[in-house]
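> output the structure for:
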Amino acid sequence: MVTITTKPATTERWADVQHALTGGGDGASCQCAWLTLRAKDWNNTTKDERTALLHDEIAAGPPPGLIAYVDGEAAGWVRVGPRTSQARLAHTRAIASATAEPLDDEAVWAITCFVVRREHRGQGITAKLMHDAIAFAQDAGARLIEGYPVDTTTGTHASNNLFHGTLSTFRAAGFEQRAALKPGRPLVALELTPTAANVAV
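Residues are numbered from 1 along each chain as shown. Modelled structure (predicted):
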């Protein structure tokens, strides 16, 4: 049985971030910048520019995601952070009209991107990343987490299009469906309770 652990993305772990992102699919070219750039800005960036943007985002902190390790090897990635730090979300009409949460509320977080290297798929990495991303958000003071997964029970889906996460993964973690963005793409949410570290004394 493999041992799966996670750690926040930091500049000291930059090589691990890159190893996790470049194991198959679009992670290598996207550099998890899709959600941080508006469409017009995304279209004007190169892969090298997106890599630099991710490095700068990690260096500025706080960590914008977690790295999953399988027996010590970087094997996966999840983006988790305040919704306000993921610019595309507020400028995606379907999300802006479907959410019940104020778009400028920094206590509303979002889990938006999963990457798992091909050789490590099917080992429970996505579930572990989800579990630890929720804990990470809660410890940071998030009030609520949104997700925008793919419902794989309808239609056919290429693996590259599942980076949003699947509805079954979010549902297993306790998320509730709140609205539909479009057929097969719900908006889900999980309300959090403050941890002891975040309760004012």
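> the strand or helix carrying residue 146 pairs with which strands?
Counting by DSSP states H and E, the element that carries residue 146 is strand 144-147. Applying DSSP bridges, strand 144-147 is found paired with strand 108-116 (parallel), strand 185-191 (antiparallel).
> and residue 49, which of those is closest to it?
When those are compared by C-beta to C-beta, strand 108-116 sits nearest residue 49, at 18.0 Å. Using the backbone N, CA and C atoms, a C-beta is placed for each residue, glycine as well.
> which other helices and strands contact the next helix or strand after that closest one?
Using DSSP H and E, the helix or strand that follows strand 108-116 in sequence is helix 125-139. Under the contact criterion of 3 or more C-beta pairs under 8 Å, 6 or more residues apart in numbering; DSSP states H and E, helix 125-139 touches strand 4-8, strand 65-70, strand 73-82, strand 108-116, helix 167-172.
> most tightly surrounded among these?
Compared across the helices and strands packed on helix 125-139, strand 108-116 shows the largest average neighbour count, a mean of 26 (mean count of other C-beta atoms under 10 Å).
> that strand vs strand 65-70, what angle?
In terms of direction (axes from the mean of the first three to the mean of the last three C-alpha atoms, to 10 degrees), strand 108-116 departs from strand 65-70 by 30 degrees.
> distance between strand 108-116 and the chain's centre?
1 Å (C-alpha atoms, centre = their mean, to the nearest Å).
> avg pLDDT for that strand?
The average pLDDT within strand 108-116 is 97.
> output it as PDB, nothing but the C-alphas.
Only the C-alpha atoms of strand 108-116 are listed here, as PDB (Å, rounded to 0.1, in the frame of the first residue of the first chain):
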ATOM      1  CA  VAL A 108     -15.200  32.200   0.200                       C
ATOM      2  CA  TRP A 109     -12.600  29.800  -1.200                       C
ATOM      3  CA  ALA A 110     -12.600  27.600  -4.200                       C
ATOM      4  CA  ILE A 111     -11.100  24.200  -5.100                       C
ATOM      5  CA  THR A 112     -10.600  24.400  -8.900                       C
ATOM      6  CA  CYS A 113      -7.900  22.300 -10.300                       C
ATOM      7  CA  PHE A 114      -6.600  18.800  -9.900                       C
ATOM      8  CA  VAL A 115      -3.600  17.200 -11.600                       C
ATOM      9  CA  VAL A 116      -2.400  13.600 -11.000                       C
END
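> low-confidence bits of the protein, can you list those?
194-201 (pLDDT under 70).
> could you dump the strands paired with strand 144-147 to JSON lines with distance to residue 56?
Below are these laid out as JSON lines (distance: least, C-beta to C-beta, whole Å):
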{"stretch": "strand 108-116", "distance to residue 56": "18"}
{"stretch": "strand 185-191", "distance to residue 56": "29"}
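> with that, I have no additional questions.
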